[in-house]
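Visitor: Sequence and predicted model, in that order:
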Amino acid sequence: MMLVVKRILTYVVMGVGTAFFALPVLWLLSAPLDDTPTYAVRPPRTFSLDNFASIMDNRYAVASLVNSTILSLGTMVLVVSAAALAAYALSRARVPGRDALIYLLLLLSSVVTGTAAMVPIFLLIFQLGLIDSHFGVILVLTGGLLPAAIFLLKDFIDTIPPSFEESARVFGASPLQILRQIVVPVARPGLATIAVWTVVQVWGSFLTPFILLRDPDKQPAAVLVRTFYTEGGSPNLGLIAAFSLLYSIPVVLMYLLAWSRYGFRFHGGIKT
Amino acid sequence: MAGIEISALTKEFPGGVQALNGLDLSIADGEFFALLGPSGCGKTTLLRTIAGLETPTSGSVRIGDRDVTRLPPGARNVAMVFQDYALFPHMTIEDNIAYPLKIRRQARETRLKHAHDVGSQLGLDGLMRRRPAELSGGQQQRVALARAVACHPSAFLFDEPLSNLDARLRLEARTFLKRLQRQLGVTTVFVTHDQAEALALADRIAVMEAGRIRQIGTPREVFGRPANTFVAGFIGSTPMNLLPGVVRDGAVLVAAQQLSVLDVPDGEVVVGVRPEYVAVTENGPLAGAVATVENLGTSSLVTVDVDGLSIGAVVPEDREVEPGTRVALNPTRVLVYRDGELVS
Ligand SMILES: Nc1ncnc2c1ncn2[C@@H]1O[C@H](COP(=O)(O)OP(=O)(O)OP(=O)(O)O)[C@@H](O)[C@H]1O
Ligand SMILES: [Mg+2]
């Protein structure tokens, strides 16, 4: 009897928890297709694709998705290549005080992209003449993400036995060949994880691009959404919902792709 | 193909660990040479120094007629098999075996054909398209060997290649390795801490302790006449009896009983005798009660208390004795050590 009650309670709690997290997702799926969306979660009253059509009419909406892509991919390329080189060096070379260095960088990185640093960063980027340029945003975001990326990747590369590289060296491979033919392919799941993580971080980042990009033509999606109001001054729910759906699709696709290929399992050396 | 000459080789790691200590060694062309010693004695360091993965603090390494001390690993034309095999997990078996040839810029078809030839020589047909993680330990070991064979080196360097295999597979792999080396006739340096493996495989053995070589010889020499008590204690599947004794007028005495007469000066000595050479009889110089009997399969190791000394003796399976029985022991092939070194 106790057991049955316990079980019922468990399912009730789990059900309520699931519903709590499922509601926004359901809203995101139904509201864009609704002619007159509200905050309520309900199947579309009158089914229509007008909301998507109005996105196409908004001259900034599609461009902002392109901007988001540019920022994400640019930052991803920089973060992955710089983090791979740094993590490899830190993993293989004997640097005194190496762990302290990494932790210090990790600590500082939360400052770099944090609110407190925005004024100095704005001034810095202003003096570099990089305001309103995607490159400036990419640099700042890269600086913020690199330490964590190096930290994660170094942990991963540490699990790759040095005997792989030594074996290749004895066969006469050059350092560049070893990097290209052995280290990068073996570390590929780690690199893919870092790449997806970076894209997701940049895709959702608001503060840095908001401050550094004044021109609405250059703003990414996360920044642009805040301008979606009706003439009356209330949030344009249809537009916001449809845009949010478009905005979240790439991230979901990336997760699925990376998950199906690598399953986010870190595996390095041979079976033990 | 080439011999290996090592002279006055010293390696000190940062932090002051002296891993190799003025080591001289000469390995003949085509020889199967084993480096044997306890953990931490510097076997791997010596092998890695020959390969060029470690630079020596002083001394030189010659392979064939070249001084390779300052050459990078890739220029030495040696192949190394690591303890974990170091098979590249992202490549198929054929690509793994062909990798050394890829580095030498051979065309893909040529090198794959060569990889398949070597692979079938080592019994890897049918596995060539798999990845290393899909192979058993014994198969992985053969792939590592095949990769070493494929690059036609002037010497093989093996670092405990059998230690990841279970006991039965290890015996098979041992026979396989020996036959392969005979066929190819390539100079081979083989690191192991298993004395039975070294005795079974090698043409000659170097026994190492703390960065130095304590004895070099054929398996027969190292087993039959260990040059010092360290080697005596290390070699042999049942440990050698090392008994305190004295020599008086040429007579070797243990527990006040004469074992043999040898031409050595008088004084305190350590008397070494292998359990295999101690006969359990009705009348012998040493007498005592049987303390324990350990079954070794086709024979048994009998430990006998003689005046407070424990002496081991190996008896054949049909001559077993019960614990507690009083027996006499008759040691033969008695070795005499003074200050740790063999005197007779
Ligand atoms: N990279 C290194 N830095 C500092 N000391 C080292 C290094 N590599 C080995 N040593 C030390 O050198 C000594 C010899 O090590 P080595 O690995 O050659 O031993 P080994 O005979 O191969 O032992 P095992 O049978 O356990 O493999 C050891 O005391 C070890 O601690
Ligand atoms: Mg070792």
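Guide: That came through, no problem. Just so it is clear, the model here is predicted, and its values are computed rather than measured. Ligands and ions are numbered 1, 2, ... in the order given.
Visitor: Can you pull the phi and psi angles for residue B:279?
Guide: phi -90, psi 140 (degrees, to the nearest 10).
Visitor: Might you report the residue contacts of it?
Guide: Contacts for residue B:279 (C-beta atoms under 8 Å, 6 or more residues apart in numbering or on different chains) come out as B:313, B:329, B:330, B:331, B:332. C-betas here are computed from N, CA, C, even on glycine.
Visitor: Which secondary structure element is home to residue B:289?
Guide: strand B:286-295 (DSSP states H and E).
Visitor: anything in the helix ranked longest in chain A sitting right up against chain B?
Guide: If you go by DSSP state H, chain A has its longest helix at helix A:61-92. No: against chain B, helix A:61-92 shows no contacts by C-beta under 8 Å from any C-beta of the partner chain, the least distance being 13.2 Å.
Visitor: now the helices for the stretch 151-300 of chain B?
Guide: B:167-184, B:195-201, B:219-224, B:229-234 (DSSP state H, counting those that start in this stretch).
Visitor: Between the ones you listed, which has the poorest mean confidence score?
Guide: Mean pLDDT per stretch puts helix B:167-184 lowest among those, at a mean of 86.
Visitor: Which elements pack onto the longest helix of chain A?
Guide: Helix A:61-92 sits against helix A:50-57, helix A:134-158, helix A:188-203, helix A:221-224, helix A:237-262, with contacts defined as 3 or more C-beta pairs under 8 Å, 6 or more residues apart in numbering or on different chains; DSSP states H and E.
Visitor: after it comes which helix or strand?
Guide: helix A:98-112.
Visitor: got the contact list for that following helix?
Guide: A:90, A:95, A:117, A:121, A:140, A:143-148, A:150-151, A:154.
Visitor: quick one, what contacts residue A:178?
Guide: Neighbours of residue A:178 in contact, by C-beta under 8 Å, 6+ apart: A:165, A:168, A:169.
Visitor: Switch those residues over to CSV; also include distance to residue B:279 and neighbour count.
Guide: Listed next are the contacts of residue A:178 as CSV, based on distance: C-beta to C-beta, whole Å; neighbours: other C-beta atoms under 10 Å in any protein chain shown:
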residue, distance to residue B:279, neighbour count
A:165, 56, 20
A:168, 56, 25
A:169, 55, 22
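Visitor: which parts of the stretch 51-200 of chain B sit against ligand 1?
Guide: Taking C-beta under 6 Å from any ligand atom as the contact definition, the stretch 51-200 of chain B meets ligand 1 at residue B:193.
Visitor: Would you point out which residue of the stretch 51-200 of chain B is nearest chain A?
Guide: Nearest residue of the stretch 51-200 of chain B to chain A: residue B:74, at 3.0 Å (C-beta to the nearest C-beta).
Visitor: Excluding chain neighbours, what is closest to that residue?
Guide: Once flanking residues are discounted, residue B:74 sits nearest to residue A:172: 3.0 Å by C-beta to C-beta, 6 or more residues apart in numbering or on different chains.
Visitor: Name the helix or strand for that neighbour, please.
Guide: Per DSSP H and E, there is no helix or strand for residue A:172.
Visitor: The strand holding residue B:289 packs against which elements?
Guide: strand B:299-306, strand B:309-316, strand B:326-331.
Visitor: Would you mind saying which of these lies nearest residue A:43?
Guide: strand B:299-306 (84.0 Å; C-beta to C-beta).
Visitor: list the buried ones in the closest one?
Guide: For strand B:299-306, burial by neighbour count (16 or more other C-beta atoms under 10 Å in any protein chain shown) applies to B:299, B:300, B:301, B:302, B:303, B:304, B:306.
Visitor: so where is the chain shaky, pLDDT-wise?
Guide: The chain I'm using is chain A. Filtered on pLDDT under 70, chain A yields the residue ranges A:112-113, A:263-272.
Visitor: my question was about chain B
Guide: In chain B, residues with pLDDT under 70: B:1.
Visitor: Can you give me the neighbour number for residue B:335?
Guide: Residue B:335 has 24 neighbours, counted by other C-beta atoms under 10 Å in any protein chain shown.
Visitor: need the contact list for the nearest residue to it once chain neighbours are set aside.
Guide: Nearest residue to residue B:335, sequence neighbours excluded (C-beta to C-beta, 6+ apart): residue B:272, at 4.1 Å. Counting by C-beta under 8 Å, 6+ apart, residue B:272 makes contact with B:226, B:229, B:232, B:240, B:241, B:242, B:243, B:334, B:335, B:336, B:337.
Visitor: from those residues, which is closest to residue B:343?
Guide: Comparing these against residue B:343 with C-beta to C-beta places residue B:336 closest, at 5.3 Å.
Visitor: Is residue B:84 in contact with residue A:164, as I believe?
Guide: No: the pair residue B:84 / residue A:164 is not scored as a contact, 9.2 Å apart, by C-beta atoms under 8 Å.
Visitor: of those two, who's got more company?
Guide: The neighbour count for residue B:84 versus residue A:164, taken as other C-beta under 10 Å, is higher for residue A:164 (23 against 19).
Visitor: Confirm that one sits in a helix?
Guide: Yes: applying DSSP: H, G, I helix; E, B strand; the rest coil, one finds residue A:164 inside a helix.
Visitor: re the thing from before, kindly calculate the angle that the longest helix of chain A makes with helix A:50-57.
Guide: Put simply, helix A:61-92 runs at 80 degrees to helix A:50-57, going by axes from the mean of the first three to the mean of the last three C-alpha atoms, to 10 degrees.
Visitor: now the strands for the stretch 101-250 of chain B?
Guide: Ranges of strands in the stretch 101-250 of chain B, per DSSP state E, counting those that start in this stretch, are B:155-159, B:187-192, B:204-209, B:212-217, B:241-248.
Visitor: Make TSV from the ones you listed and add mean neighbour count to it.
Guide: What follows is the strands of the stretch 101-250 of chain B, written out as TSV (neighbours: other C-beta atoms under 10 Å in any protein chain shown):
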stretch	mean neighbour count
strand B:155-159	25
strand B:187-192	25
strand B:204-209	23
strand B:212-217	19
strand B:241-248	17
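Visitor: Quick one, which of those strands gets closest to residue A:56.
Guide: strand B:155-159 (65.5 Å).
Visitor: wait, isn't residue B:28 in contact with residue B:2?
Guide: No: distance between residue B:28 and residue B:2: 9.9 Å, which falls outside the contact criterion (C-beta under 8 Å).
Visitor: Within range of chain A, give me the residues from the stretch 101-250 of chain B.
Guide: B:102, B:103, B:104, B:132, B:133, B:140, B:151.
Visitor: Let me see the domain layout of chain B.
Guide: What automatic domain parsing lists as the domains of chain B is B:4-233, B:238-342.
Visitor: Go through the ones you listed and pick out the most buried.
Guide: Of all those, domain B:4-233 carries the top mean neighbour count, a mean of 19, counting by mean count of other C-beta atoms under 10 Å in any protein chain shown.
Visitor: what about that one, start to end distance?
Guide: Taking C-alpha to C-alpha, to the nearest Å as the measure, domain B:4-233 stretches 28 Å from start to finish.
Visitor: Work out the gap between it and the centre of the chain.
Guide: In this view, domain B:4-233 has its centroid 12 Å away from the chain centroid, taken as C-alpha atoms, centre = their mean, to the nearest Å.
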